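S.K.: got a sequence here, can you build the structure:
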Amino acid sequence: MTFESPIITKPKMEPRAYQSAIVETCKTKNCLVILPTGMGKTLVALLLAQERLKLYPDSKILLLAPTRPLVEQHFDSFKKDFPNSEDYEIHIFTGKINSAKRAEIWKRAQIIFSTPQCIHNDLEKGIINLKDVSLLIEDECHRCLKNYSYTYVSKKYKEQALHERILGLTASPGSDKEKVREICDNLNIEEVEVRTRESEDVIPYLQKLTYDLVKIDFPQELRDIRVLLKALYDKRIEELQNRKLIFKQVTKVTLLELQFKLRNMVLQGNKNFNVLRGISVCAQAIKIGHALELLETQTLETLVKYLNEMHNQAKEKKSKGVVQIVNSNFFQDAYTLATKLFEQGFEHPKLAKLLEIVQETLKNNSNAKILIFSQYRDTGATINERLNKSGIKSAVFIGQAKKKLVDGLSQKEQHAILHKFKQGELSCLVSTSIGEEGLDIPEVNLVVFYEPVPSAIRKIQRAGRTARLKPGRLVILMTQGTRDESYHWASFHKEKKMYNILDQVKSDLKKDALKGDKKQKSLGSFT
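M.R.: Modelled structure (predicted):
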């Protein structure tokens with residue numbers, strides 16, 4: 001289909017020097033662009049889209065993002081900042097539009113925004129073809145692994161596109177070299193562009209970031225509960241070791257891997273008692289390990305809710321494993337101790353420290369915006385309740401999925417909360433992981449991690465919410481002598497490792513390109 005392409009003028013937003021430099025690379029090579037949250041990945045995508053439409057006026061641009069709110073955010077950005085946007089056919093592709101209508105829209109659309117799942121489905125059904133797409137943009141492309149729809153779409157794009165150009169965007173691709181290479185292979189990446197807050201061409205555009213690691217003592221009252229839960233946990237680990245089912249250092253990850261492996265063995269017909277018992281014991285260890293994590297890193301209220309839930313499951317005999325846990329003296333003693341402490345008004349000292357930090361910030365600046373990250377919804381609900389009781393206007397910001405103890409928020413409700421936060425009607429937003437990835441949360445004065453996260457990706461995304469346009473502060477609350485410490489140092493070392501790996505991958509890609517050039521020359525001389 002032929003489009004009447006408007007004369008493209010200058011972009012409405014003036015690019016920064018590092019954005020212009022990155023776009024120059026992206027013009028000639030499929031590129032993986034790594035920029036911390038808030039440093040303008042969308043403008044890089046917009047500028048490159050503009051270049052591709054200049055070069056191929058009859059082509060299409062396809063931008064994919066993993067969630068509908070993110071898709072809508074990119075759509076709004078292009079509508080606002082793309083030159084002559086009103087003259088282009090710009091559309092959001094969703095599963096809510098029936099397939100016949102989508103096929104019709106695809107024919108005339110020039111810039112399309114969608115989730116990868118939607119495009120994946122339409123490609124499988126033959127509703128659309130990517131031959132006219134001159135630029136495929138995959139946002140949050142660290143997800144372009146294994147069987148995720150991003151991988152399928154990029155594979156089909158490489159097969160079908162007449163004028164291939166791929167742009168992968170992320171704040172962090174992770175610290176596993178094999179996975180970074182897999183992302184690059186899946187996206188046909190030829191060059192990697194990395195910028196951090198410390199990059200020479202980025203420094204002039206960012207504000208001062210104050211970083212505080214606040215160390216908190218783990219009180220004796222909670223240590224007493226830990227001794228009981230740990231005894232219960234160690235007994236399960238010892239049994240798994242005695243059954244020769246686990247050998248390496250035991251972590252949450254190794255237990256989940258073992259559970260997956262044992263379940264697969266049963267699915268393949270192995271009904272050996274050792275395997276069946278191993279599944280039960282492993283599930284029990286995971287549950288008790290989760291209780292230990294809540295005790296050490298969350299609120300006492302969150303732990304008590306979880307122990308109550310286990311108690312109710314045991315009463316209803318929903319799981320033999322849970323019945324075995326709850327019937328043990330160690331569990332009963334831990335449950336009694338935790339419940340009594342909670343009824344007496346005792347709480348994890350993190351909560352009081354958090355309240356103190358928030359109150360101090362608002363005392364110094366009554367208009368301050370504060371973003372608090374919490375791993376678990378129940379903890380977020382407790383934090384939010386405590387803030388509101390203290391006269392601080394706060395709201396919980398969570399995803400749509402429904403949980404037993406805390407309901408999710410619809411997209412409409414999410415938008416309403418973000419609007420209130422932007423307008424200053426709320427001082428605090430208490431967010432789960434939904435606030436980490438890409439969403440249009442306004443610049444904040446203070447970001448607080450209620451607990452450290454062991455992932456470099458998540459740490460970088462969280463921290464990127466402040467100190468962009470104005471000075472900001474990042475606070476990480478770390479309970480000493482708990483897994484908070486190991487999680488904090490895990491993400492610290494993973495982040496350092498990630499940048500070393502990216503240097504290696506950049507070097508590998510250059511070597512691959514040189515090999516390709518030499519091969520082409522030798523073939524040319526042969527012919």
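
S.K.: pairing partners for Asn447 in the sheet, please.
M.R.: No, residue 447 isn't Asn; it's Val. Leu371, Leu474 (DSSP bridges).

S.K.: mind listing what it touches?
M.R.: Residues in contact with Val447 (C-beta atoms under 8 Å, 6 or more residues apart in numbering) are 370-373, 462-463, 465-466, 472-475. (Glycine included, C-beta is placed from N, CA and C.)

S.K.: for ChimeraX, write the select line for the buried members of the residues you listed.
M.R.: Buried residues within the contacts of Val447, by 16 or more other C-beta atoms under 10 Å, are selected in ChimeraX with:
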select :370,371,372,373,462,463,465,466,472,473,474,475
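
S.K.: need the mean per-residue confidence for the longest helix belonging to the chain.
M.R.: Using DSSP state H, we find that the single longest helix of the chain is helix 483-526. The average pLDDT within helix 483-526 is 80.

S.K.: next one: stretch 175-191
M.R.: 95.

S.K.: neighbours of Ser486, how many?
M.R.: Close neighbours of Ser486, defined as other C-beta atoms under 10 Å, add up to 12.

S.K.: and the gap between it and Asp234?
M.R.: To Asp234, Ser486 is 17 Å away according to C-beta to C-beta, to the nearest Å.

S.K.: how about residues contacting stretch 246-264?
M.R.: Contacts for stretch 246-264 (C-beta under 8 Å, 6+ apart): 237, 240-241, 245, 275, 278-279, 282-283, 285-286, 289, 293.

S.K.: go through that stretch and flag the buried ones.
M.R.: Going by neighbour count (16+ other C-beta under 10 Å), the buried part of stretch 246-264 is 246, 250, 255, 258-259, 262.

S.K.: quick check, nearest of the residues you listed to Gly408?
M.R.: Gln259 (26.0 Å; C-beta to C-beta).

S.K.: element containing the closest one, please.
M.R.: Using DSSP states H and E, the element containing Gln259 is helix 252-267.

S.K.: packing partners for the helix or strand that that helix is followed by?
M.R.: For helix 252-267, the succeeding helix or strand toward the C-terminus, using DSSP H and E, is helix 273-297. Helices and strands touching helix 273-297, by 3 or more C-beta pairs under 8 Å, 6 or more residues apart in numbering; DSSP states H and E, are helix 220-242, helix 252-267, helix 300-315, helix 320-326, helix 483-526.

S.K.: one more time with 6 Å
M.R.: Other helices and strands packing on helix 273-297, by 3 or more C-beta pairs under 6 Å, 6 or more residues apart in numbering; DSSP states H and E, are helix 220-242, helix 252-267, helix 300-315, helix 320-326.

S.K.: nearest to Asp378, of those?
M.R.: Of all the helices and strands packed on helix 273-297, helix 300-315 sits nearest to Asp378, with 4.5 Å by C-beta to C-beta.

S.K.: only the buried residues of that closest one, if you could.
M.R.: 300-307, 310-311, 313-314.

S.K.: please apply the same query to stretch 201-211.
M.R.: Buried, per 16+ other C-beta under 10 Å, within stretch 201-211: 202, 206, 209.

S.K.: again, but for stretch 225-233
M.R.: Within stretch 225-233, the residues scored as buried using 16+ other C-beta under 10 Å are 225-226, 228-233.

S.K.: okay if I get the residues you listed as JSON lines plus distance to Arg143 and pLDDT?
M.R.: Output for the buried residues of stretch 225-233, formatted as JSON lines (distance: C-beta to C-beta, whole Å; pLDDT from 0 to 100):
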{"residue": "Ile225", "distance to Arg143": "38", "pLDDT": "98"}
{"residue": "Arg226", "distance to Arg143": "36", "pLDDT": "98"}
{"residue": "Leu228", "distance to Arg143": "40", "pLDDT": "98"}
{"residue": "Leu229", "distance to Arg143": "35", "pLDDT": "98"}
{"residue": "Lys230", "distance to Arg143": "36", "pLDDT": "97"}
{"residue": "Ala231", "distance to Arg143": "40", "pLDDT": "97"}
{"residue": "Leu232", "distance to Arg143": "36", "pLDDT": "97"}
{"residue": "Tyr233", "distance to Arg143": "32", "pLDDT": "97"}
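
S.K.: using JSON lines, please lay out these together with distance to Gln50.
M.R.: What follows is these, written out as JSON lines (distance: C-beta to C-beta, whole Å):
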{"residue": "Ile225", "distance to Gln50": "59"}
{"residue": "Arg226", "distance to Gln50": "57"}
{"residue": "Leu228", "distance to Gln50": "62"}
{"residue": "Leu229", "distance to Gln50": "57"}
{"residue": "Lys230", "distance to Gln50": "58"}
{"residue": "Ala231", "distance to Gln50": "63"}
{"residue": "Leu232", "distance to Gln50": "60"}
{"residue": "Tyr233", "distance to Gln50": "57"}
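
S.K.: of the residues you listed, which is the nearest to Ile325?
M.R.: Leu232 (6.9 Å).

S.K.: wait, that closest one touches Lys287, no?
M.R.: No - under the criterion of C-beta atoms under 6 Å, Leu232 is not in contact with Lys287, lying 9.8 Å apart.

S.K.: mind listing the shared neighbours of those two?
M.R.: Residues touching both Leu232 and Lys287 (C-beta atoms under 6 Å, 6 or more residues apart in numbering): there are none.

S.K.: what does stretch 313-333 contact?
M.R.: Residues from elsewhere that reach stretch 313-333, judged by C-beta under 6 Å, 6+ apart: 228, 231-232, 280, 283-284, 310-311.

S.K.: again with stretch 34-50
M.R.: Stretch 34-50 is contacted from outside by 8, 13, 15, 19, 22-23, 26, 33, 61, 77, 81-82, 135, 137, 167, 169-171, 194-195, 460-461, 464, 468, using C-beta under 6 Å, 6+ apart.

S.K.: show me the shaky parts of the stretch 1-150 of the chain.
M.R.: Along the stretch 1-150 of the chain, segments meeting pLDDT under 70 span 1-12.
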